[in-house]
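Student: Kindly return the folded structure for what I paste below:
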Amino acid sequence: MRITCVGGGPAGLYFAVLAKLADPGHEITVLERNPAGVTWGWGVVFWDDLLDDLFRYDPVSAERIWESARKWDEYEVRATGKPDTHLAGYGFSLGRHRLLEILAERAEELGVRISYSDELSDLAALPPADLVVACDGARSRIRDEHAGHFGAEVEVARNKYIWLGTPHVFDTFTFGFEKTSAGWIWYHAYPFDDTTSTFIVECQPSTWAALGFDTLDAHAGAEKLRQIFGKHLGGQKLIDHRAEVGGTGWLNFRRVTAQRWDHGNVVLMGDAAHTTHFAIGSGTKLAMQDAMALADAVASGDPLPVALERYEHRRKAALAPLQKAARASSAWFERLPEYADLPAKRFSYALSNRRGEYPAWRYLLHMSTQSPIPRTLLRRTLAVRRWTRARRRPPILANTA
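Tutor: Below you'll find the model as predicted:
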């Protein structure tokens, strides 16, 4: 089968890897608009459920991802006028650049052709293919060219946000909330290598305008945010990649939902089919799980229309609870001032339970593990759980393709 993936992000590259592993005879090309080694974004976050899937589908790339990842075993919550608190949980993160490097290397090892600096403006320019995988992001040109068929709906969230980086390396995943004269402004930060952290800032539009971000360029805006969050940054700067090309990186989140995912031999994957709010950190995870499901469908041997329909149904069913959680999470942040005056422990629990899913015992556990000794015991328990889970993953065989 001749397969063309439009978009060399995690979804396109990982699907190419899995499809090639399933059938080395496939002729697979990945078209990427950026030059090799160039990508927007900072770090990405994973949890163990995705890691389990990665090891099951391709232990070779999974091991490389695991070795490159930065591990953390709790969340820290900081807020103006409150003592710091902590939330139970663990995960890992790595730079988006490093993730793409790993997946591209693995794809090329298996014989996938990657064409960089290949800007596709129209479907007519595509090389002949039996299957075209549109994984070209939330603003997918292929999806929009057939807008009437795919039926993409776009809902714009209210809060403003900006995706930054910083040389300050946070110890763990950290939420920080600062009260300014214009209202609350906050960040989601996490380390992804030994020298850099992702730093996502969010606030209500009224606060954003009152602080003057609607008139500041990228350099001035990053400097103002550095001043606001100075005590959290250890004297380090904030970096906005947009400063290099002009403009500013402030956005409103766009929730994209495509009603249909396939059209003839064209199928949507990743952000081209759906986006999920960054507050639950699942965008890359969902894109790679899309790749797994599509690879399974293509390898099933069914006629292509049947395979693509099966892929769509499988992924929509899996996405539904996460999309519901993401909506609840983003709505919580849009109502943040309603919770900001809560005492520290109750505030951080409200943050943790913003999806409204936890049983009552989670509240008791949270309240009882904020002092050092119970907190340490909980972290050790979670570490044992992670070790036990890792032991169940398949080993990497010396002759793995």
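Student: so Glu145 makes contact with Leu123?
Tutor: Yes. At 6.0 Å, Glu145 counts as touching Leu123 under the criterion of C-beta atoms under 8 Å. C-betas here are computed from N, CA, C, even on glycine.
Student: So the two - more neighbours on which side?
Tutor: Taking neighbours as other C-beta atoms under 10 Å, Glu145 and Leu123 compare with Glu145 leading, 17 against 14.
Student: okay, that one: pLDDT?
Tutor: Glu145 carries a pLDDT score of 88 in this model.
Student: Break down the stretch 301-401 of the chain into its helices, ranges please.
Tutor: Applying DSSP state H, counting those that start in this stretch to the stretch 301-401 of the chain gives helices spanning 304-334, 344-352, 360-368, 372-391.
Student: most tightly surrounded among the ones you listed?
Tutor: helix 344-352 (a mean of 19; mean count of other C-beta atoms under 10 Å).
Student: Report the distance from stretch 146-154 to the chain centre.
Tutor: Averaging C-alpha positions (C-alpha atoms, centre = their mean, to the nearest Å) puts stretch 146-154 23 Å from its chain's average.
Student: Let me see the mean pLDDT of stretch 356-376.
Tutor: Stretch 356-376 shows an average pLDDT of 92 in the prediction.
Student: scratch that, stretch 52-60 is what I was asking about
Tutor: Averaged across stretch 52-60, the pLDDT comes to 95.
Student: Any buried residues in that stretch, and which?
Tutor: Residues of stretch 52-60 classed as buried by neighbour count (16 or more other C-beta atoms under 10 Å): 52-55, 57-60.
Student: Of all the helices of the stretch 301-401 of the chain, which one is nearest Ala279?
Tutor: helix 304-334 (4.2 Å; C-beta to C-beta).
Student: Can you name every helix or strand that the closest one contacts?
Tutor: Applying 3 or more C-beta pairs under 8 Å, 6 or more residues apart in numbering; DSSP states H and E, one finds that helix 304-334 contacts strand 152-166, strand 251-258, strand 262-263, strand 266-268, helix 283-299.
Student: In JSON lines: these, plus distance to Ser329 and mean pLDDT.
Tutor: Formatted as JSON lines, the helices and strands packed on helix 304-334 follow (distance: least, C-beta to C-beta, whole Å; pLDDT from 0 to 100):
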{"stretch": "strand 152-166", "distance to Ser329": "11", "mean pLDDT": "94"}
{"stretch": "strand 251-258", "distance to Ser329": "11", "mean pLDDT": "93"}
{"stretch": "strand 262-263", "distance to Ser329": "29", "mean pLDDT": "95"}
{"stretch": "strand 266-268", "distance to Ser329": "24", "mean pLDDT": "96"}
{"stretch": "helix 283-299", "distance to Ser329": "13", "mean pLDDT": "96"}
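Student: low pLDDT regions in the stretch 151-300 of the chain?
Tutor: The stretch 151-300 of the chain contains residues with pLDDT under 70 at 243-247.
Student: ok, Asn353 - contacts?
Tutor: By C-beta atoms under 8 Å, 6 or more residues apart in numbering, the residues touching Asn353 are 362-363.
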